[in-house]
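[1] Compute the structure for the input listed below.
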Amino acid sequence: MAVAFVADAMLGRLAKWMRFLGCDVLYFRDIDDRELVRIARAEGRVLLTRDRRLPEDFSVECRLIDSENLDEQLMEVLSEFPLPGNASRRCMRCNVSLEPVEKQEVKELVPEYVYMHHDLFQRCPMCNSIYWEGSHIRNILKKIAMVHHGISELKKPG
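    A predicted model of the protein is given here:
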């Protein structure tokens with residue numbers, strides 16, 4: 001079963017990209033630490049935070065994020081909690097699973113260059129945002145694959 005997360009206010013960009021990679025991540029821009037911890041406990045979510053005090057002040061499963069760099073933050077989380085195997089990507093805004101959409105249906109909804117150079121599109125059924133796999137997501141996936149390869153190499157006997 002895939003791990004679900006809740007991210008604190010300092011990790012909005014991380015939450016958005018983890019959603020797009022298929023992770024269930026709740027994010028609230030303005031939320032009290034106690035409420036964040038309550039949600040994590042009640043829903044069995046891992047709390048992602050950059051606040052070093054939070055794990056000391058509350059007893060909750062959490063992952064302290066050291067880096068300020070998005071790619072490095074993703075590596076920190078995904079080296080400990082691998083991506084869900086066949087989970088569908090989630091809307092970066094709503095955290096809802098995306099649905100495939102026919103290319104011709106998005107012609108007027110995406111930039112012309114994107115329409116011409118991409119064939120696969122997804123739509124959020126909640127907010128109707130349109131997504132496609134751009135270069136940033138491919139670069140992140142390559143980095144994640146390298147991290148996972150490095151971790152598996154370290155675990156090999158010998």
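
[2] and the gap between the residue nearest to L11 when sequence neighbours are not counted and L21?
    Of all residues not flanking L11 in the chain, L48 sits nearest, at 5.4 Å (CB to CB, 6 or more residues apart in numbering). From N, CA and C alone the C-beta is placed, and that goes for glycine too. To L21, L48 is 14 Å away according to CB to CB, to the nearest Å.

[3] quick one: buried residues of stretch 28-43?
    D33, L36, V37, I39, A40 (16 or more other CB atoms under 10 Å).

[4] What is the nearest of those to C124?
    Checking the buried residues of stretch 28-43 against C124 with CB to CB, the nearest one is I39 at 21.9 Å.

[5] part of a strand, is that closest one?
    No - counting by DSSP: H, G, I helix; E, B strand; the rest coil, I39 is not found in a strand; it is helix.

[6] Excluding chain neighbours, what is closest to it?
    Closest residue to I39 apart from its sequence neighbours, by CB to CB, 6+ apart: V6 at 5.4 Å.

[7] so what's the one you found up against?
    Contact analysis of V6 by CB atoms under 8 Å, 6 or more residues apart in numbering lists V25, L26, Y27, L36, I39, A40, E43, R45, V46, L47, L48.

[8] change it to 7 Å
    Applying CB atoms under 7 Å, 6 or more residues apart in numbering, we find V6 in contact with L26, L36, I39, A40, R45, L47.

[9] At the geometric centre of the protein, which residue do we find?
    Centre of the chain computed as the mean C-alpha position; nearest residue by CA atoms, centre = their mean is M18, 0.6 Å away.
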